[in-house]
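Novice: Quick one: sequence plus predicted model below, questions after.
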Amino acid sequence: MSASQILASTIAGSWYPGNPARLKAMIGSFLAPCPAPEKPCNVLVVPHAGYPYSGPTAGYAYAAIDRKKIRRVILLAPSHRYGIRDLAVLPMADAVSTPLGTIPLDTDMRNALLGEAMFRADDGVHRVEHSTQIQYPFLQHCLGDFKLLPVIVGSLSARAADALAAALKPFLADDVLLVVSSDFIHYGSDFDYEPFPQDTEAKTRALNLDAADAIVRRDAARFERIVDESGATICGREPIRAALRMLPDGCTGSVLHYATSSDESRDFSRFVCYCSIGFRAEFPPAPERTDASAEADSGALSAADKSFLLDLARRAIQYALNTRMVATADALGVNRAALSPALRKNMGAFVTLSMKRNHRLRGCIGEIQPYRPLWKAVLGRAIDAAFRDPRFLPLTAEEFKDVEIEISALTPAVPVASWRDIVIGRHGMTLAKNGRSAVFLPQVAPEQGWGIEETLTNLAMKAGLPPDAWREGASFTVFEAIVFHE
């Protein structure tokens, strides 16, 4: 692995010690006094200031996890340096490093997410962001061998927060730790936040703990109302909003520790607040990963399978239009025991909506990598295509009467050495270059009458790259699809 593929820490030696032995000893001192919970946590809210300030509070969070079980970490963090709206930024590098060593990034998860509209890749954003980097040494010290996917967000509309949660939730499993990086209120004139001239510390503490209680109770509406009405300067507000949408019913949370940067000095004219929160959520077992040949050998979809998936997609959209709620399998009466092996196998899928009268595209969202059963992928992506495609307004009931649904069930994407290995009409494809990427399904080029060069030119422009960017320095993956429609 070359140095250019590794994002080295830019805060070692300032936010935490640059010497490995000193860093390891400091983290150990933070963890030592923290009690282990009866049930380990697998969802955390953790502060991200310099270790002398927030390290003790972070210790309470990391002491609460199951160190032996976690194999993957999803880290949601706010952007402090770049203005980002309704996008989630992933790294393109293969790894990140700290004085404690190198952490491999979960490139499979990243590549799957980059097939979705709201995700972008930009190492520049990650290279300067302390809210992600401050968590890495704690994770290394506690977990050892694991893969990481850091996700940086800026401001999120409600629609974008829903889309982010829907995209990440399928990757949550019993071997995954979800970490939300956030400090709490920043108080002082330079933060433009000084609402309490009297009893400053006590009133700020009460507001922080009120917000924390809303998080613990998974009450996203109350949390947002508290922040909006008080103006509380909680820098990880947006990642917290998205995470609350991902937590399953029945999970339990608690405040693990609270502190401020001025607890020792007692100068509360300027200070930052830190709060660690832990949840125990029941996620499904980690899915078994399968390669392309295993998927290809597992049997084709029958006519009954295709009919079921198309009907499932239509009923899911209709349910959402009728109730303003996302349909669950139980709400739609899905009998899991009766599903065929082909429907239960892990496959990527895209759901495409088009208008019958003029064949105009009305929504298309999917997932390339096979991380969940095909029927679940179709159920989730039908809702996304109808209501969360950022290119369109949410589908209306009147429009739905004129919509035709098409489903593409995908084989896993595999890299190819060159664009010359792509076969038009057979292969779907992804192009990635300079932190940008885009995807075409196999049917796109034949429907447009494009040859390979015209296809790649349009794919490059879809990725926001120059038209000829595909000719040099780009990487490609290909996949195949079973395509069927109403």
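Specialist: Great, that's in hand. Numbering: from 1, shown residues only.
Novice: Next SSE downstream of the helix or strand containing Leu312?
Specialist: Element membership for Leu312, per DSSP states H and E: helix 303-323. Following helix 303-323 in sequence order, the next helix or strand is helix 341-344 (DSSP H and E).
Novice: Low-confidence regions, this protein specifically.
Specialist: Along the chain, segments meeting pLDDT under 70 span 1-4, 115, 286-299.
Novice: Domain-wise, how is the chain divided?
Specialist: The chain breaks down into these domains under automatic domain parsing: 3-280, 292-485.
Novice: got those domains as CSV, with mean neighbour count columns?
Specialist: For glycine as for every other residue, the C-beta is placed from the backbone atoms N, C-alpha and C. Converted to CSV, these look like this (neighbours: other C-beta atoms under 10 Å):
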stretch, mean neighbour count
domain 3-280, 19
domain 292-485, 18
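Novice: For Ile405, which residues count as its bridge partners?
Specialist: Using DSSP bridges, the beta-bridge partners of Ile405 come out as Leu353.
Novice: how near is it to Leu374?
Specialist: Ile405 is 15 Å from Leu374, where distance means C-beta to C-beta, to the nearest Å.
Novice: Got the phi and psi for Asp94?
Specialist: phi -90, psi -20 (degrees, to the nearest 10).
Novice: Verify the stated contact: it with Gln5.
Specialist: Yes. When contacts are counted by C-beta atoms under 8 Å, Asp94 is listed as touching Gln5 (4.3 Å).
Novice: Whichever helix or strand Gly28 is part of: how far from the chain's middle?
Specialist: Per DSSP H and E, Gly28 falls inside helix 20-31. A distance of 29 Å separates the centroid of the chain from that of helix 20-31, by C-alpha atoms, centre = their mean, to the nearest Å.
Novice: which residues are contacting it?
Specialist: For helix 20-31, the surrounding residues in contact (C-beta atoms under 8 Å, 6 or more residues apart in numbering) are 12, 16-17, 51, 55-56, 58-59, 62-63, 98-100, 137-138, 141-142.
Novice: So which of the residues you listed belong to helices?
Specialist: 51, 55-56, 58-59, 62, 137-138, 141-142 (DSSP state H).
Novice: Any idea which residue is closest to the centre of this protein?
Specialist: By C-alpha atoms, centre = their mean, the mean C-alpha position of the chain lies nearest to Leu168, the distance being 3.9 Å.
Novice: Just say helix, strand or coil for Leu75.
Specialist: Judged by DSSP: H, G, I helix; E, B strand; the rest coil, the three-state class of Leu75 is strand.
Novice: Glu229 versus the residue in the chain sticking out farthest from the centre, what's the distance?
Specialist: Most distant residue from the mean C-alpha position of the chain: Gln198, 40.7 Å away (C-alpha atoms, centre = their mean). For Gln198, the distance to Glu229 (C-beta to C-beta) stands at 20 Å.
Novice: swap in Met109?
Specialist: As defined by C-beta to C-beta, Met109 lies at a distance of 36 Å from Glu229.
Novice: can you check Glu264 too?
Specialist: From Glu264 across to Glu229, the span is 31 Å (C-beta to C-beta).
Novice: before we move on, what about Tyr258?
Specialist: 21 Å.
Novice: before we move on, what about Val180?
Specialist: 22 Å.
Novice: and what of Leu353?
Specialist: In this view, Leu353 and Glu229 are 38 Å apart by C-beta to C-beta.
Novice: just Phe268 next, same as before
Specialist: Separation of Phe268 from Glu229 (C-beta to C-beta): 22 Å.
Novice: Check His126 too.
Specialist: Distance of His126 to Glu229, given as C-beta to C-beta: 33 Å.
Novice: now do Phe271
Specialist: 22 Å.
Novice: Can you give the strand pairings for the one helix or strand Ser254 maps to, parallel or anti for each?
Specialist: Assessed by DSSP H and E, Ser254 sits inside strand 252-260. Looking at strand 252-260 with DSSP bridges, its partner strands are strand 271-280 (antiparallel).
Novice: surely Ala49 meets Phe271?
Specialist: No. With contact defined as C-beta under 8 Å, Ala49 does not reach Phe271; the gap is 10.7 Å.
Novice: okay, and the common contacts of these two?
Specialist: Ser261.
Novice: Thr455 touches Pro446, doesn't it?
Specialist: No. Shown here, Thr455 and Pro446 do not form a contact pair, counting by C-beta under 8 Å, at 9.6 Å.
Novice: Between those two, which contacts overlap?
Specialist: Common contacts of Thr455 and Pro446 (C-beta under 8 Å, 6+ apart): Ile424.
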